[in-house]
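Visitor: kindly generate the corresponding structure for this input.
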Amino acid sequence: MSTRSLAGMKLLALGLIVGIIVGFALGWYSKPIPPPTTTFHIKFTLDWAYQGPQAPFLVSLYKGFFAEEGLSVTIDRGYGSAKVISDVASGLFDMGFGDINSLIEFKSKNPEAKVKMVALVHVGSPLSVVTLKDRGITTPKDLEGRKLGAPAGDAARRIFPAFANVVGINQERITWVTMDVALREPMLVRGDVDAITGFYYTCVLNLLSLNVSETDIVVFRYDSYLPLVGNGIVVNEDFLKKNPEAVRKFLRAFIKGLKYSIQNPDEAIAILTQRDPTLNKDVEKKRLLMALEIINVKGVTDKYGFGYVDPSVIERNIDVIVSAFGLSRRPSINEIVDFTYLPPLEQRLP
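Guide: Numbering: from 1, shown residues only. Model (predicted):
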C-alpha cells in the first residue's frame, strides 16, 4: 500500500472519530433537560374527599409539575377544612388546603399555633344557605320562622350569625335542626327542613343527584352579602422557616396545575379518577367548574393573579369572624397570611 493511501486512510479515520465526538456532543446538548432529581418531600392534606374541586392538586402531582420543581409530594384526602388547620399546626402534615375562617378562629384562640396561609385559592366563599322554590323563600329575610338544617360543625352554620346580622334576620326566629351530613339534602327534599347550609356546589350537586331540577334550587351565597373568602394553602410555620424555597416551589407547581385544570377540565377529572375510579366524571366536572367560580374571579384574579387578594379583604374577613364567633382576641393579618412566597404576578395571572 502506498504512503499516499495510508495517509488518506488515517485522515478518514481521524475524520470519523471527530464526527462521532461532535455528533455525540450535539446529541447530548439537544436532549431535553430532565426534571431535577427529587430533593424534597412534602406531606399535604386536602380539605375533603377526592372530588372535582380538589382536582388541581392531583393534576400538579400526576402531570409532574411538582416533580419538575424537585418535590416529592404525597396528597391525602381530608376530613374537613377546620381539621386541616389543627393537623398542619401540629405538624401531622407540612401543608394543607384549609379554610381561612377556621384559621382566624384557631389563631385567635391559639396565638402560638404554628400555622399560616401562604396562598388564598377561594377568593370568594362557597358558604351558603340553600333552599327550594316551593318553600316560598325568595329573600334571606324569609328564613325567619323556618327550620334550617346542617351538621353541628358545618362552617356555613357557624358563620350564619354574621350573615343573619347583615341581612336583618332575627335569629331567635330560626329553628336549627342538626343531622349527619349525608342526610342534609334528603331532609330538605322531604320537607323536614325548609333550608340547609353548606358549600353551595356540594349542596346543589347533591340535590341534583336526588332528581331536583336545577331551576328549583335557590342559593343565598354569603359572599354576596359579606366580605368573606374561603380556602387556601396553609403551611406549618416551623416547616416554612426551615424550607422556604420548597414552599415557593410548591405554590409555583400548584398554580401551574390550577391553570392546566381550567384549560383542560376533562383531563383534570380523568386524573382525579385515578384516585377514586368510582367517581361520576360528569358530576365531578360540574363540581370543579362550580368551584372555579370562586377561584377564577373577574376583577380579582385578572388583577392580582391566583393565590392573592388585597389585604383589606382579609382584614374585613377577620372582623366578620371575630364578631360572628364572639372571639375575645382579634388576630392580626400577619398572624393569618403571608403572601410573599407566591410566584411573581406574571406567573400567577390566568
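Visitor: and the next helix or strand past the helix or strand of the chain with the lowest mean pLDDT?
Guide: The element with the least model confidence among the helices and strands of the chain, by mean pLDDT, DSSP states H and E, is helix 3-30, at a mean of 46. Scanning the chain past helix 3-30 towards its C-terminal end, the next helix or strand to appear is strand 40-45 (assignment: DSSP states H and E).
Visitor: packing partners for that following strand?
Guide: Applying 3 or more CB pairs under 8 Å, 6 or more residues apart in numbering; DSSP states H and E, one finds that strand 40-45 makes contact with strand 71-76, helix 81-90, strand 95-99, helix 244-263. Using the backbone N, CA and C atoms, a C-beta is placed for each residue, glycine as well.
Visitor: what is the distance between it and the centre of its chain?
Guide: Counting by CA atoms, centre = their mean, to the nearest Å, strand 40-45 is centred 16 Å from the centre of its parent chain.
Visitor: okay, now the domains of the protein?
Guide: Using automatic domain parsing, the domain ranges for the chain come out as 40-124+229-348, 127-224.
Visitor: and among those, the most buried is which?
Guide: Counting by mean count of other CB atoms under 10 Å, domain 40-124+229-348 has the highest mean neighbour count of the domains of the chain, with a mean of 19.
Visitor: returning to that earlier point: need the helices and strands packed on strand 40-45 in a markdown table with mean pLDDT, can you?
Guide: As requested, those are arranged in a markdown table below (pLDDT from 0 to 100):
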| stretch | mean pLDDT |
| --- | --- |
| strand 71-76 | 98 |
| helix 81-90 | 94 |
| strand 95-99 | 96 |
| helix 244-263 | 98 |
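Visitor: can you list these in a markdown table and add distance to residue 224?
Guide: Conversion of the helices and strands packed on strand 40-45 to a markdown table gives the following (distance: least, CB to CB, whole Å):
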| stretch | distance to residue 224 |
| --- | --- |
| strand 71-76 | 32 |
| helix 81-90 | 20 |
| strand 95-99 | 18 |
| helix 244-263 | 23 |
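Visitor: residue 46 is nearest to which of the ones you listed?
Guide: Relative to residue 46, the nearest member of the helices and strands packed on strand 40-45 by CB to CB is strand 95-99, separated by 5.3 Å.
Visitor: before we move on, the earlier item: residue 57 is nearest to which of the helices and strands packed on strand 40-45?
Guide: Nearest to residue 57 among the helices and strands packed on strand 40-45 is strand 71-76 (5.7 Å), distances taken as CB to CB.
Visitor: partner strands of the closest one, parallel or antiparallel?
Guide: Strand 71-76 sits in its sheet next to strand 40-45 (parallel), going by DSSP bridges.
Visitor: how far out from the middle of the chain is the helix or strand just after the partner strand?
Guide: Along the chain past strand 40-45, the next helix or strand (assigned with DSSP H and E) turns out to be helix 55-62. Computed by CA atoms, centre = their mean, the separation of helix 55-62 from the middle of its chain amounts to 11 Å.
Visitor: what do you get for stretch 259-268?
Guide: For stretch 259-268, the distance between its averaged C-alpha position and the chain's averaged C-alpha position is 14 Å (CA atoms, centre = their mean).
Visitor: just the CA coordinates of that stretch, formatted as CSV?
Guide: Below are the C-alpha coordinates for stretch 259-268, written out as CSV (Å, rounded to 0.1, in the frame of the first residue of the first chain):
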residue,chain,number,x,y,z
LYS,A,259,-54.2,26.8,35.2
TYR,A,260,-54.0,23.5,33.4
SER,A,261,-57.2,22.3,35.1
ILE,A,262,-59.0,25.5,34.0
GLN,A,263,-57.9,24.9,30.4
ASN,A,264,-58.4,21.1,30.4
PRO,A,265,-61.2,20.3,32.8
ASP,A,266,-62.0,16.9,31.3
GLU,A,267,-58.4,15.8,31.6
ALA,A,268,-58.3,17.1,35.2
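Visitor: which residues touch it?
Guide: Applying CB atoms under 8 Å, 6 or more residues apart in numbering, the external contacts of stretch 259-268 come out as 55-56, 58-59, 63, 65, 281, 285, 288-289, 292, 296, 306, 350.
Visitor: how about 10 Å then?
Guide: Residues lying outside stretch 259-268 but in contact with it, judged by CB atoms under 10 Å, 6 or more residues apart in numbering, are 52-53, 55-60, 62-63, 65, 257-258, 269-272, 281, 284-286, 288-289, 291-292, 295-296, 306, 347-350.
Visitor: ok, stretch 174-187 next?
Guide: Residues from elsewhere that reach stretch 174-187, judged by CB under 10 Å, 6+ apart: 80, 130, 143-154, 157, 160-161, 164, 188, 190, 192-198, 202-210, 212.
Visitor: alpha carbons of that stretch, in PDB - could you do that?
Guide: Output of stretch 174-187 as PDB, limited to C-alpha atoms (Å, rounded to 0.1, in the frame of the first residue of the first chain):
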ATOM      1  CA  ILE A 174     -84.700  30.500  63.400                       C
ATOM      2  CA  THR A 175     -85.000  26.800  64.400                       C
ATOM      3  CA  TRP A 176     -82.000  24.700  63.800                       C
ATOM      4  CA  VAL A 177     -82.200  21.000  63.000                       C
ATOM      5  CA  THR A 178     -79.000  19.000  63.300                       C
ATOM      6  CA  MET A 179     -78.300  16.000  61.200                       C
ATOM      7  CA  ASP A 180     -75.500  13.900  59.700                       C
ATOM      8  CA  VAL A 181     -74.100  15.400  56.500                       C
ATOM      9  CA  ALA A 182     -75.400  12.600  54.400                       C
ATOM     10  CA  LEU A 183     -79.000  13.400  55.500                       C
ATOM     11  CA  ARG A 184     -78.800  17.100  54.900                       C
ATOM     12  CA  GLU A 185     -80.100  17.300  51.300                       C
ATOM     13  CA  PRO A 186     -82.600  14.400  51.600                       C
ATOM     14  CA  MET A 187     -84.200  16.100  54.600                       C
END
